[in-house]
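Asker: Turn this into a model:
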Amino acid sequence: MQGTPSISELFPAPASSAMATNDASELGQEDFMELMVAQLENQDPTKPMDNFEFLSQIAQFGTVNGIQGLQDSFTDMTSRMQASQVVGAASLVGSKVLTETNVGVLDPENALEATVKVPGDSAGVQLYVQDLAGRLLHTRELGSLPSGEYKVQWDGTDNSGNPLPPGAYRVSAEATIGGQTQAVSVYTHALVESVNVDPSTQGVQLNLAGGEQVSLSSVKAFL
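Answerer: Sure thing, here's the model as predicted:
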């Protein structure tokens, strides 16, 4: 007598049948159990199915089922997290955030704000404001400052006190630390006007005043 037939030997799927287009991972739990029972009923009594083989087939099905369950759980969890991010980001509309850029937007009603990061105790810090063409418009001495982050404001006037038009301006700074003058980091504060979800990445995007768009994950601080 021959050995115990396998599931595929008991139920060969013709090329034209729907089963031919499915793989093992597409079998439902009831389908699998029916095939396992049929396999046990048709086994050779003199050569019963090896226990290890039997358990391996069950484990294989359990693994496929388990992976599918995990995938469904992760998909659901991801959707919930994205929805939560959108709701949280929507509350930022009308507030300001700190991003990596040192280009800020001056509007007619509010001063341009920025944060200057001084990496060490300094003998003096100098602030500069330029237009996007690189013309120096405003300079200011901030004095000696210890290591830390400092909020600064620019009212939109040049060195002669003349008001400049609304628009985008670049803010930079230098500090004298240990007898050496060096550039230091400056981050402008940006107003959040709206939020949306990037269809390609499903990440939350913040639409800032001035037309800039940044991802929620790139925000350094919420002000």
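
Asker: switch to C-alpha atoms for all contacts and neighbour counts from now on
Answerer: Will do.

Asker: Which strand runs longest in this structure?
Answerer: Counting by DSSP state E, the longest strand found in the chain is strand 180-197.

Asker: what are the pairing partners of that strand, and which direction each?
Answerer: Sheet partners assigned to strand 180-197 using DSSP bridges are listed as strand 96-98 (antiparallel), strand 112-118 (antiparallel), strand 167-177 (antiparallel), strand 204-208 (antiparallel).

Asker: Can you add distance to residue 186 and mean neighbour count and give these back as a markdown table?
Answerer: Shown next, in a markdown table, are the strands paired with strand 180-197 (distance: least, C-alpha to C-alpha, whole Å; neighbours: other C-alpha atoms under 10 Å):
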| stretch | distance to residue 186 | mean neighbour count |
| --- | --- | --- |
| strand 96-98 | 10 | 20 |
| strand 112-118 | 5 | 21 |
| strand 167-177 | 6 | 21 |
| strand 204-208 | 18 | 22 |
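
Asker: Low-confidence stretches in the protein?
Answerer: The model of the chain has pLDDT under 70 over residues 1-33, 35-89, 199, 202.

Asker: cutoff 80 now
Answerer: For the chain, the stretches with pLDDT under 80 are 1-91, 197-203, 216.

Asker: Show me how it divides into domains.
Answerer: 7-89, 101-189 (automatic domain parsing).

Asker: do you know which of the strands paired with strand 180-197 lies nearest residue 151?
Answerer: strand 112-118 (4.4 Å; C-alpha to C-alpha).

Asker: Just give me the neighbour total for residue 217.
Answerer: Neighbour count of residue 217, defined by other C-alpha atoms under 10 Å: 11.

Asker: Please state the backbone phi and psi of it?
Answerer: Torsion angles at residue 217 (phi, psi; degrees, to the nearest 10) stand at phi -70, psi -20.

Asker: any idea how far it lies from residue 204?
Answerer: Look at residue 217 and residue 204: by C-alpha to C-alpha, to the nearest Å, they are 8 Å apart.

Asker: okay, the strands paired with strand 180-197 in TSV with distance to residue 197 next?
Answerer: Supplementary listing: these in TSV, determined by distance: least, C-alpha to C-alpha, whole Å:
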stretch	distance to residue 197
strand 96-98	18
strand 112-118	27
strand 167-177	25
strand 204-208	5
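
Asker: so which of those gets nearest residue 221?
Answerer: strand 96-98 (4.9 Å).

Asker: all helices for the protein, in order.
Answerer: Counting by DSSP state H, the segments of the chain that form helices are 7-10, 29-41, 51-90.

Asker: between the strands paired with strand 180-197, which one is nearest to residue 150?
Answerer: Nearest to residue 150 among these is strand 112-118 (5.1 Å), distances taken as C-alpha to C-alpha.

Asker: Please enumerate residues in contact with the closest one?
Answerer: 102, 104-106, 145-156, 171, 173, 175, 184-189 (C-alpha atoms under 8 Å, 6 or more residues apart in numbering).
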